[in-house]
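Novice: What shape does this take:
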Amino acid sequence: QQPRECVPPGWPTPVTMPKWSAQQESSAKCAKARGSQLRVHFKNCREVGAAIKGMPLLKAQRYLEAVLERKQAIPFRRFAGGCGRHAQGKNLKAPGSQVGWPVKAVKYFIDLLKNAAANAETNSANLEQMVITHVVVQRAAKMRRRTYRAHGRINAYMCSPAHIEIMVTEPAAKVARADDGAKKVSRKTLAKRRLTSGGGQDA
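Specialist: Now for the predicted structure:
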């Protein structure tokens, strides 16, 4: 067994790198980007992440830029309370046409995708082939403030920051299935063929 690190009393414990919620495939080219304790609404980030997951990297960047210009929208599927309806939701098949334009969350995702693209170029990956295979948005620790109410009362006034993880992967090349020769025919199909051709019956 390896000896454990001894930390003197009163000293801060050593900070370890946080774990990722998914592991990259060893055979595929992969690039990562993450942001921790970001001052942006968790619920908006969740909807943006769900909208771009599975998209090609370059297409997702164009899509988010179009959201900033109000030419595209983000469908709100889970945290849709109080969300308005718009005709752009029909193109996205959003439930009840509920869509939004969360500008701050979209800007954070654009920065993270730019970071992931730079990491992919460092790994000599082809950006045109990269696909967003992993997006995770988690609630971060709430940051506490206070607001003053009538009759001398004080209420909590807290923000809901988020942790964001993005992983882009270059998928492996698809291999064509080998031809097995003659296609197998079931006994039922053979019997139908005999009936239609008039075979298999005694005179």
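Novice: So which residues of the chain form helices?
Specialist: With helices called from DSSP state H, the chain shows them at 42-52, 57-68, 88-92, 103-122, 187-197.
Novice: among those helices, which is the most enclosed?
Specialist: Each of the helices of the chain was scored by mean neighbour count; the highest is helix 42-52, a mean of 22, by mean count of other C-beta atoms under 10 Å. To be clear about C-beta, it is placed using only N, CA and C from the backbone, and glycine gets the same treatment.
Novice: can you give me the angle that one makes with helix 57-68?
Specialist: 130 degrees (axes from the mean of the first three to the mean of the last three C-alpha atoms, to 10 degrees).
Novice: how about the helices of the chain in JSON lines, adding mean pLDDT and distance to H151?
Specialist: As requested, the helices of the chain are arranged in JSON lines below (pLDDT from 0 to 100; distance: least, C-beta to C-beta, whole Å):
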{"stretch": "helix 42-52", "mean pLDDT": "96", "distance to H151": "31"}
{"stretch": "helix 57-68", "mean pLDDT": "96", "distance to H151": "43"}
{"stretch": "helix 88-92", "mean pLDDT": "93", "distance to H151": "43"}
{"stretch": "helix 103-122", "mean pLDDT": "95", "distance to H151": "34"}
{"stretch": "helix 187-197", "mean pLDDT": "86", "distance to H151": "82"}
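Novice: Figure out which of these is closest to M143.
Specialist: Closest to M143 of the helices of the chain, according to C-beta to C-beta: helix 42-52, at 11.9 Å.
Novice: angle of that closest one against helix 103-122?
Specialist: 50 degrees.
Novice: coming back round to it: any chance of the helices of the chain in TSV, with distance to M167 too?
Specialist: TSV is the format used below for the helices of the chain (distance: least, C-beta to C-beta, whole Å):
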stretch	distance to M167
helix 42-52	12
helix 57-68	11
helix 88-92	23
helix 103-122	8
helix 187-197	46
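Novice: Tell me which of those helices lies nearest to A28.
Specialist: helix 103-122 (11.5 Å).
Novice: on that earlier part again, of all the helices of the chain, which one is nearest R146?
Specialist: Per C-beta to C-beta, nearest to R146 of these: helix 42-52, 20.7 Å.
Novice: Understood, closing this out.
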